[in-house]
Each structure stands twice: as structure tokens, then as C-alpha cells.
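Participant: okay, sequence plus prediction incoming.
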Amino acid sequence: ETGVTQSPTHLIKTRGQQVTLRCSSQSGHNTVSWYQQALGQGPQFIFQYYREEENGRGNFPPRFSGLQFPNYSSELNVNALELDDSALYLCASSFGQQETQYFGPGTRLLVL
Amino acid sequence: GENVEQHPSTLSVQEGDSAVIKCTYSDSASNYFPWYKQELGKRPQLIIDIRSNVGEKKDQRIAVTLNKTAKHFSLHITETQPEDSAVYFCAARNYGQNFVFGPGTRLSVLP
């Protein structure tokens, strides 16, 4: 198992609400990437944070936002939740932007 | 941008047989190709990776081959065991870009 942790493990929200997901990177890792994994699909890149700056973004609307803290932990915020936002949200940490990524256990979000 | 295709989507093999999963990528500048195994309800786990300066890499029963000319790479699992049953994802990354994952292959190893 990797040292990447995520909280909460499960979350149920209703449409229009906002949610914050958290990720603690593996010791020594300074980069966190966030992915959305819909059921039966591969992870889709949301964005990456390197040394507290956003460093690359996938095809997700601005209501998906994030930040990274000085200890390299990270948050993913989603505003105005939609039903299609229901998915497993994975974070992955690495030492550097281009290095091997190690995934956390994910947060399963259900939007009703 | 990069596009990664993966075949087959499902694969069933008898225990002890070999399994092969193939991925193709579109960006010829991609230079790093990891493979992840995801068991039901668990996180994707890195099982092997290969960089573009290497044609083949092996780790016990698992190997990955890369054909840069054809832009495809394959995962080979020999002597399959029931615990190899999972969904396998390939991914590709170009330096300066981010990882693009394939849609996954569900491998079932039948006892």
C-alpha cells in the first residue's frame, strides 16, 4: 500500500451542493494529481498541483477547483454538484511533476 | 492531445495460462507508460512501467513491451493465478503533459 490517504471514503450529496475532498500525499512527494473515475472507466485527469501551484488541467469546468498546502496535502472542491459528478475521486502523489504516481484509496461521491 | 486505446475490454484465461493486454497511443512524443492493477473497491496499484528508451521490462511473472514505431505497448502476465483477477489500466504520458489512461481491461483468471 502507498502512503497516500484520502478523506472521506464515502460521501452523499444532493444536486447543487458543494463538496470538499482531501488528500495527503506520500512522504517526500511534492505533487498531487486529481482524477475522476466513473464506473467502468479509466481515471480522467482533473488537475495537478506542484508546489502549491496548479500545473495542468484536464477537460473539467471551473466549478472543479483545488489547492495545495505547504505540507503538499491537497483539496478538491466541486461546486454546484450535478448527478454526473457521481464517481470515485482519486488523488495520486509523486515526487515531481513527471514522476511515477501513486494513488490514494479514493473518495466515492454519490450525488442524488 | 494524447489518446490511449486498450484491448481487449474483457479477458478470461485459465489458471496457469498467459494473458496479454495491448494499448495504443496517439502522441509519438509520449515517453512513459505505466500499468496499474485495480481490484474491486481498491485503489489503482502500479505493477510495472516502461520508459521510451527501453523496449522491454520484466518483473517476475509480469512483463511490458514497447514498440515506439507502431505506438503500442503490451502487458504480459505468465502463469496466471486467481489473484491476478482485476481491472488493468494502461497509461501514457508525454514530458510536460499529464497522464492519459486507457479504458481498462477486466481480467478473469478461472480456476
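Facilitator: Sure thing, it's come through.
Participant: now do the strands in chain A.
Facilitator: Counting by DSSP state E, chain A has strands at residues A:5-7, A:10-13, A:19-24, A:31-37, A:44-50, A:53-57, A:64-68, A:74-78, A:87-94, A:102-103, A:107-111.
Participant: want to try a markdown table for the ones you listed, with mean neighbour count, distance to residue B:90 and mean pLDDT as columns?
Facilitator: In this view, the C-beta of every residue, glycine as well, is placed from N, C-alpha and C. Formatted as a markdown table, the entries for the strands of chain A read as follows, by neighbours: other C-beta atoms under 10 Å in any protein chain shown; distance: least, C-beta to C-beta, whole Å; pLDDT from 0 to 100:
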| stretch | mean neighbour count | distance to residue B:90 | mean pLDDT |
| --- | --- | --- | --- |
| strand A:5-7 | 16 | 23 | 97 |
| strand A:10-13 | 13 | 28 | 97 |
| strand A:19-24 | 19 | 23 | 98 |
| strand A:31-37 | 25 | 15 | 95 |
| strand A:44-50 | 22 | 15 | 94 |
| strand A:53-57 | 14 | 20 | 90 |
| strand A:64-68 | 18 | 25 | 97 |
| strand A:74-78 | 21 | 24 | 98 |
| strand A:87-94 | 25 | 15 | 96 |
| strand A:102-103 | 22 | 15 | 94 |
| strand A:107-111 | 18 | 23 | 98 |
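Participant: tabulate those strands (a markdown table), appending distance to residue B:27.
Facilitator: Below are the strands of chain A laid out as a markdown table (distance: least, C-beta to C-beta, whole Å):
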| stretch | distance to residue B:27 |
| --- | --- |
| strand A:5-7 | 29 |
| strand A:10-13 | 35 |
| strand A:19-24 | 27 |
| strand A:31-37 | 18 |
| strand A:44-50 | 14 |
| strand A:53-57 | 15 |
| strand A:64-68 | 24 |
| strand A:74-78 | 26 |
| strand A:87-94 | 20 |
| strand A:102-103 | 23 |
| strand A:107-111 | 30 |
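Participant: residue in chain B nearest to chain A?
Facilitator: Going by C-beta to the nearest C-beta, chain A is nearest to residue B:101 of chain B, at 3.6 Å.
Participant: my guess is that residue contacts residue A:38, does it?
Facilitator: No: look at residue B:101 against residue A:38 with C-beta atoms under 8 Å: they stay out of range, at 11.8 Å.
Participant: more crowded one of those two?
Facilitator: Set side by side, residue B:101 and residue A:38 give different neighbour counts by other C-beta atoms under 10 Å in any protein chain shown, the larger being at residue B:101 (23 against 13).
Participant: give me the beta-bridge partners of the more buried one?
Facilitator: On the basis of DSSP bridges, residue B:101 is bridged to residue B:91.
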